[in-house]
Structure formats: structure tokens, C-alpha cells
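Novice: what's the 3D shape of this:
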Amino acid sequence: MTRRFGDRAAFAVEVGEIQPPSLRVVDLWMAGQRLTTDDNSAHVPFFSRAMRSSAAQVRRRDVKSCPFPGRAPEEIFRLLEADETGFREQFWFMRWGEIVDNVSTYAYLENDLVVVFAFWRASHPFPEDLGKVFVARIPPDEFAAIVEEAVELLDAEFVIVDPRR
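Specialist: Numbers count the residues shown, from 1 in each chain. Alright, predicted model coming up:
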């Protein structure tokens, strides 16, 4: 049975079947687009830690403010994508492993968390979407809560071994 956290139109995490030994079907949605079009088998120990880290970052408001105030989000994406100085790395977001390696994602804070993204892999099932920039806006605490709820479910069904113990 799949459990959905959030709303696909803004941001959602859908947690599906377990694939032993440590994989889980997970679909991510943002701005009505399924991000996990190429691969939705998440390695739970890594994925859970990465999600938790992003949720904490957003909850602390440890996300940079808009890098180019007054410009449209689509233009901001293109400017960040074209950057070759390392500046854009400050805005990388949702670096959650292989299930999202088919999409370039940046985030910044205005009143909401603004996430801009585009699919880049030629094998994308909707070629007309390649290079198209999508924009999601979501209150930061709502984003963090959705991620934290999904992580709780993932962690409840897997024993995550903390290497520091």
C-alpha cells in the first residue's frame, strides 16, 4: 500500500512497497511533476538521512534567499544552471541520490521555499518537458513536516544503523 504525504500539486512524497534488503519504492512530486521518472527505488539508509538533513535545513531557514531578486524563477534557474563559478552550488537542493539524478533542482527562500527544477536526461518519458523549468512554492515548515513524516515511516520499517554508535 502506498502512503502519500503532501499534495502532488505542490510537494509530495509517496512511500510504496518494500524491496529487500534495504530498498523502498518512493515517488517524489513537485509542482504536479513526478521527479522519480527514471528510478524510484530508494536505498533507505542513505535516502532517509538525506531527506532528514534537507528538512532540518529548511526548518532552520538555512536556505539562501533569492539569488537574483526581481527576476522570474525560470530565469533564476537558467542563471544558476549557467553558472561556472560554484555560486550555484549554494542553491542545490534535494540531493537525495539516484532517484532524483534525472533532474536539476535549486531552492531559495522568499516568504515560501521556492524550488525551481528541470529534467535533463534524454530518456525522460515526456521529451516535451526536457529543459522546461518548473516552479514549486511551499511554506518552509510544510515542506519540512512532509519530509519528516515520510522519514518517520521509512525509519519505522528499517533499522537504520548509525555508524557513530
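
Novice: ok, residues contacting the host helix or strand of A156?
Specialist: For A156, the host element (DSSP states H and E) is helix 140-157. Residues from elsewhere that reach helix 140-157, judged by Cβ atoms under 8 Å, 6 or more residues apart in numbering: 3, 5-6, 10-13, 15, 18, 24, 26, 42, 44, 47-48, 51-52, 54-56, 58-59, 61, 63, 109, 112-113. Every C-beta, even on glycine, is put in place using the N, C-alpha and C of the backbone.

Novice: mind checking which of those are buried?
Specialist: The neighbour-count criterion (16 or more other Cβ atoms under 10 Å) marks 5-6, 10-13, 15, 24, 26, 42, 44, 47-48, 51-52, 54-55, 58-59, 63, 113 among these as buried.

Novice: show me where pLDDT drops low in this protein?
Specialist: 121-125, 127, 158-165 (pLDDT under 70).

Novice: neighbours around E89, how many?
Specialist: Neighbourhood size, E89 [other Cβ atoms under 10 Å]: 10.

Novice: quick one: the strands in this structure, in order.
Specialist: Listed in chain order, the strands of the chain (DSSP state E) span 3-7, 11-19, 23-30, 33-34, 41-43, 103-109, 113-119, 134-138.

Novice: distance between the shortest one and the chain's centre?
Specialist: I take that to be strand 33-34. 11 Å (Cα atoms, centre = their mean, to the nearest Å).

Novice: could you do stretch 79-90 as well?
Specialist: Using Cα atoms, centre = their mean, the offset of stretch 79-90 from its chain centre is 18 Å.

Novice: ok, and what's touching that stretch?
Specialist: Taking Cβ under 8 Å, 6+ apart as the rule, stretch 79-90 contacts K64, P67, F68, R71, F91, S104, Y106, V116, A118.

Novice: go with 7 Å
Specialist: K64, P67, F68, F91, S104, Y106 (Cβ atoms under 7 Å, 6 or more residues apart in numbering).

Novice: and that stretch, how far apart are its ends?
Specialist: 13 Å (Cα to Cα, to the nearest Å).

Novice: okay, now R95: neighbour count?
Specialist: 11.

Novice: residues contacting it?
Specialist: For R95, the contact set (Cβ under 7 Å, 6+ apart) comprises A50.
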